[in-house]
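Visitor: Whatever this is, show me its structure:
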Amino acid sequence: MRFALLLLGLAAALSLAQYAPRTAQGEEVVAAVRRGSHPPAPTAANATLNVRNAASPSLLDQPREPPLFRPAQTPAALATPRSGESFALVGLVSRDGQAMAFVRDTVDGRSWRLRQGERAGDWTLAAMGQNCVTLTRGRRRQEICL
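Guide: Purely as a prediction, here's the structure:
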């Protein structure tokens with residue numbers, strides 16, 4: 001029992017002895033950064049403080065090369081829609097139980113007058129609602145609203 005207490009006391013003393021110089025050095029670094037001057041150079045005894053020494057304002061102002069994150073870049077072919085890919089609903093008309101949608105291609109300006117099941121380019125008018133229509137091409141769907 002005494003041996004275990006002796007080992008515990010020795011471990012506590014060693015940890016305090018290692019912590020004390022680091023705390024003093026850390027306080028010097030914080031004071032130097034607050035004054036705007038460079039912190040003292042690290043020594044072999046406090047080599048673990050390199051992270052704090054790297055936090056001087058002059059080092060933080062310099063940009064990293066290369067940057068850690070690059071802005072999102074999309075290929076030009078994906079950035080702009082092609083003809084027949086982007087539509088706008090111009091209007092909906094219902095007369096004598098016959099509903100009709102007026103659809104315009106936003107890229108080339110072509111327009112269509114469609115009933116349910118009719119095609120605009122590769123797209124088929126699948127459904128019509130009170131304010132929206134649904135165009136399908138294979139498994140792709142586009143819902144366009146006024």
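Visitor: Helices along the protein, start to end?
Guide: For the chain, the helices defined by DSSP state H cover 2-35, 50-53, 57-60, 76-79.
Visitor: Check what pLDDT Thr80 gets.
Guide: For Thr80, the model assigns a pLDDT of 72.
Visitor: Lowest average pLDDT across the helices of the chain?
Guide: The bottom spot among the helices of the chain, by mean pLDDT, belongs to helix 50-53, with a mean of 49.
Visitor: Okay, Gly121 and Ser94: tell me how far apart.
Guide: Gly121 is 24 Å from Ser94, where distance means CB to CB, to the nearest Å. No exception for glycine: its C-beta is placed from N, CA and C like everyone else's.
Visitor: Give me the more crowded residue out of the two.
Guide: Neighbours per residue (other CB atoms under 10 Å) separate Gly121 from Ser94, with Gly121 holding more: 15 against 11.
Visitor: So the more buried one versus Thr106, what's the distance?
Guide: 12 Å.
Visitor: what do you get for Trp123?
Guide: 13 Å.
Visitor: any idea how the chain splits into domains?
Guide: 2-60, 82-145 (automatic domain parsing).
Visitor: re earlier: what's the overlap in contacts for Trp123 and Thr106?
Guide: Taking CB atoms under 8 Å, 6 or more residues apart in numbering as the criterion, Trp123 and Thr106 both touch Phe87.
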